[in-house]
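> Here is the input, now give the coordinates:
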Amino acid sequence: MSRNRYVGSWNESNFIEIDSFFSKENLVHLLKGAINKPDQYTHQQICHWCEKQYMNYINEDKLGDEKLYGILGDISAQWNLYLANTFSLKELQQLDYSEIKLPIKWFEDWLEDLT
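This next block holds a predicted model:
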């Protein structure tokens, strides 16, 4: 496993956070929106919402739905890996991240894993 050579070398463009409390139902809603209503939220917004929820989970000692939190962690990780593996450092430093689209198949797979 190689280390991402770009870690810490770029900053994402600003975005408006999704103002929605954490629940499995809200995650399902966001994933369905990415598939069926791609203009509702950007993939950047969805991935950062997932990352925020995942970070809240791992910073607490509560037991929860490990499968659900595993999906949140995967969404967050795949966003960062997609960026690092798809774009050059120069591109990453100049991108409008709200325009980046992950493969819809990924959202379909995450949704299937949840249901």
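
> In contact with the residue nearest the centre of the chain: list those residues for me.
With distances taken as C-alpha atoms, centre = their mean, Cys47 lies nearest the centre of the chain, 1.9 Å away. The neighbours of Cys47, taking C-beta atoms under 8 Å, 6 or more residues apart in numbering as the test, are Ile75, Ser76, Gln78, Trp79, Leu102. C-beta: built from backbone N, CA, C; applies to glycine.

> what does Gly33 give?
Contact analysis of Gly33 by C-beta under 8 Å, 6+ apart lists Gln40, Tyr41, Ile46.

> what does Tyr82 give?
Neighbouring residues of Tyr82 by C-beta under 8 Å, 6+ apart: Ile100, Leu102.

> Identify each buried residue in the helix or strand hosting the residue nearest to the centre of the chain, please.
Assigning secondary structure by DSSP states H and E places Cys47 in helix 43-58. For helix 43-58, the neighbour count (16 or more other C-beta atoms under 10 Å) marks His43, Gln44, Gln45, Ile46, Cys47, His48, Trp49, Cys50, Glu51, Gln53, Tyr54, Tyr57 as buried.
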